[in-house]
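S.K.: Below are the sequence and a predicted model for it; my questions follow.
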Amino acid sequence: MKKLHLIDKIVFVFNTILAAVLLVSFVLPYLPPKTFSQLSVLSLSVPFLIVVNVLFFLYWLLKVKRQLVLSLLILIIGYVFYGSLYKFSSSEDSDINTDDAFKVMNYNVRLFNLYKWIPQQDVDVKIVDFIKEQAPDILSIQEYHPDSRIDLSFFKYRYDKLSGKHTKHGQVILSQFPIVNSGSVEFPNTANNAIYADVVKGNDTIRVYNIHLESLRIDTDVDKLKEEGSERLFKVAGSTFKMQQFQTELFLLHKRQCHYKMIICGDFNNTAFSYVYRKIKGDLNDTFKEAGNGFGRTYDFRFFPVRIDFIFADEAFAVNKFKTFDDHFSDHYPIMTTLSLKQ
């Protein structure tokens, strides 16, 4: 430290602080937000903290300074426990029996652009056309809104749970396979909930969940975020994460009663470094980690990638493919995986 120039000393001070914050954030998935509500907010910043520490590492590497060890060590610890933020390559496609493989898509459609958030014409129709083109066998939608222009009748079976007096909205599961049982896991004092459908494929019954956890309800435009007081942001986020934990507990109570092979889709409004992600995922596979590539960004947030939409699959399924689409028809990006039952 004594041999560093003044600017490098200042850089290292910031490096030390942000490396320490990143290290603390690695324990967040194990800390219930009901007890550590303010601290849990850090889970949203983990992707940013990882990117910043990579930049610090590169800075010291170019200067050939031993200070690079700090960020490198923290990044290695994060990689060991949580894997890489960036997936450099997808797994090789396994030999797929096309008669057995099926595609599962998850998509938060933001009411099919009902209030013209995206200044394009016919966004609702474009979403339907996109879904039809990709032809998923099972589709899980959050923030669904029924309308005469939205024709998803090319799916043979469906289950939806809608609320709202004036503008009906909610979750829906659509399937090309028969649905033999369905229902809703109600979350009190919110329009969010989890729904499920038991679909029959061949000789197997598969439980499909569609979860939409509580939203932060914060404008994620960076310029507007600057106008918000940090104290208010932490308070709102902490309160939301408490509610997400409660909703997750209700969901897990329901999930434990199911003994079918399981697929969980949803918009968690939280990252893969959060408590609710770890609890909901449990022993299931995150299909992005199994077969995806890139950052896997699912939410439209400037400056750094945010992955808050997920598809988890039972160990009984082989994850053959995963794709995050770039089609910008909502504030979320659709994701899709190709699964097949292991022999």
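M.R.: Arrived safely, thanks for sending.

S.K.: Let's verify the residue lying closest to residue 16 once chain neighbours are set aside: helix, strand, or coil?
M.R.: Distance criterion Cβ to Cβ, 6 or more residues apart in numbering; nearest residue to residue 16, sequence neighbours excluded, is residue 70 at 6.6 Å. All C-beta atoms are positioned from the backbone trio N, CA, C, and that covers glycine. On the three-state scheme (DSSP: H, G, I helix; E, B strand; the rest coil), residue 70 is labelled helix.

S.K.: continuing past the helix or strand of the chain with the lowest mean pLDDT, what's the next helix or strand?
M.R.: Ranked by mean pLDDT, DSSP states H and E, the helix or strand of the chain with the weakest confidence is helix 222-227, at a mean of 54. Next helix or strand after helix 222-227 toward the C-terminus (DSSP states H and E): helix 230-255.

S.K.: List the buried residues in that next one.
M.R.: Buried residues in helix 230-255, counted by 16 or more other Cβ atoms under 10 Å: 234, 237-238, 240-248, 250-251, 255.

S.K.: For residue 184, give me the pLDDT.
M.R.: For residue 184, the model assigns a pLDDT of 97.

S.K.: okay, now the closest residue in space to it that isn't next to it in sequence: neighbour count?
M.R.: Closest residue to residue 184 in three dimensions, ignoring its sequence neighbours and counting by Cβ to Cβ, 6+ apart: residue 161, at 4.5 Å. Using other Cβ atoms under 10 Å, residue 161 has 19 other residues around it.

S.K.: Residue 161 touches residue 173, doesn't it?
M.R.: No. Using Cβ atoms under 8 Å, residue 161 is not in contact with residue 173, being 9.3 Å away.

S.K.: shared neighbours, the two?
M.R.: Shared contacts of residue 161 and residue 173, defined by Cβ atoms under 8 Å, 6 or more residues apart in numbering, comprise residue 195.

S.K.: Strands along the stretch 51-200 of the chain, start to end?
M.R.: 102-108, 138-144, 157-163, 169-175, 179-186, 193-201 (DSSP state E, counting those that start in this stretch).
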